[in-house]
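Visitor: Sequence plus predicted model, see below.
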Amino acid sequence: MTFSFNYKQTILKSGKIIYRPLIPITLIGSNESLDVIGILDSGSDMSIIPKSIAEVIGVKYLGEDEISGITGKPIKSKQGVINVEFGKDREKTNFQIPVVIPEKEDVTIIIGRLGFFQNFDITFQERKRKIHFKRVFKNIWN
Amino acid sequence: MINNIISNFEALDKEDLTKFAGKWIAVVDNKVVVSGESFKEIYTYVKTNYPRQRPLIGKLPEPTPIVLNSIR
């Protein structure tokens, strides 16, 4: 059960071309579900969604905490759990991921490790600019 | 309503995303139909103008390199 997505190209201000591992994922809240684009980030502990999206889909908040972003400065954030649907064609699967919702509104959606990466063996194939996913079925006894 | 998240996403392979770097976009029927500065603006636009379609929405990363920096 494998599928892949192409990196997406952009040109930096410096003129260099860069390819980024973006993925399509459906966020499912208590109000509605929304198809979104996120950056798959193996360096991020948690997934991040903006407050405005959390309000639209309906996220049940579990608490508050601080996260350290790319500036290294802690940012106050709410925490919650949402359902997501991810995959391609017949290989779609549903599971829950914890999310943080920063007070700062203008954030790109980030799909981090917790709740997401344990569902797949993920290969970042830089040379071919592709991300490959192989579904992993959790051992319920562990 | 057909769930076309994959075709909307793969349609971005044919788009020049450079002009959308750092902006919110919405993809409907495999085309970028709107870009803007905020999710609310984009969401309101597609709900008003494409009420029967299911959009793919996202904020594309800035046109500057992204690095993780926990140095304090």
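Guide: Nice, I can see it.

Visitor: Could I get the phi/psi values of residue A:90?
Guide: Backbone torsions of residue A:90, given as degrees, to the nearest 10, read phi -80, psi 0.

Visitor: separation between it and residue B:6?
Guide: Going from residue A:90 to residue B:6 by CB to CB, to the nearest Å gives 11 Å. Yep, even glycine has a C-beta here, placed from its N, CA and C like the rest.

Visitor: Between these two, which is the more surrounded one?
Guide: Neighbour totals were compared for residue A:90 and residue B:6, and residue B:6 leads with 17 against 7 (other CB atoms under 10 Å in any protein chain shown).

Visitor: My reading is that that one is in a helix; is that accurate?
Guide: Yes: checked against DSSP: H, G, I helix; E, B strand; the rest coil, residue B:6 lies within a helix.

Visitor: Can you get me a residue count around the closest residue to it other than its chain neighbours?
Guide: Once flanking residues are discounted, residue B:6 sits nearest to residue A:88: 5.7 Å by CB to CB, 6 or more residues apart in numbering or on different chains. The number of residues packed near residue A:88 is 17, by other CB under 10 Å.

Visitor: swap in residue A:121?
Guide: Neighbours of residue A:121 under the rule other CB under 10 Å: 12.

Visitor: next one: residue B:62
Guide: Here the number of neighbours of residue B:62 (other CB under 10 Å) works out to 14.

Visitor: can you check residue B:23 too?
Guide: 18.

Visitor: Pretty sure residue B:34 is one of the things it touches, is it not?
Guide: No: using CB atoms under 8 Å, residue B:23 makes no contact with residue B:34, being 9.8 Å away.

Visitor: mind listing what's buried in stretch A:78-90?
Guide: For stretch A:78-90, burial by neighbour count (16 or more other CB atoms under 10 Å in any protein chain shown) applies to A:78-80, A:82, A:84-88.

Visitor: how near is residue A:107 to residue B:45?
Guide: With CB to CB as the criterion, residue A:107 and residue B:45 are 20 Å apart.

Visitor: Do you know the pLDDT at the residue lying closest to residue A:30 once chain neighbours are set aside?
Guide: Setting aside the residues directly before and after it, residue A:30 is nearest to residue A:58 in space (CB to CB, 6+ apart), at 3.6 Å. Note on residue A:58: pLDDT of 95.
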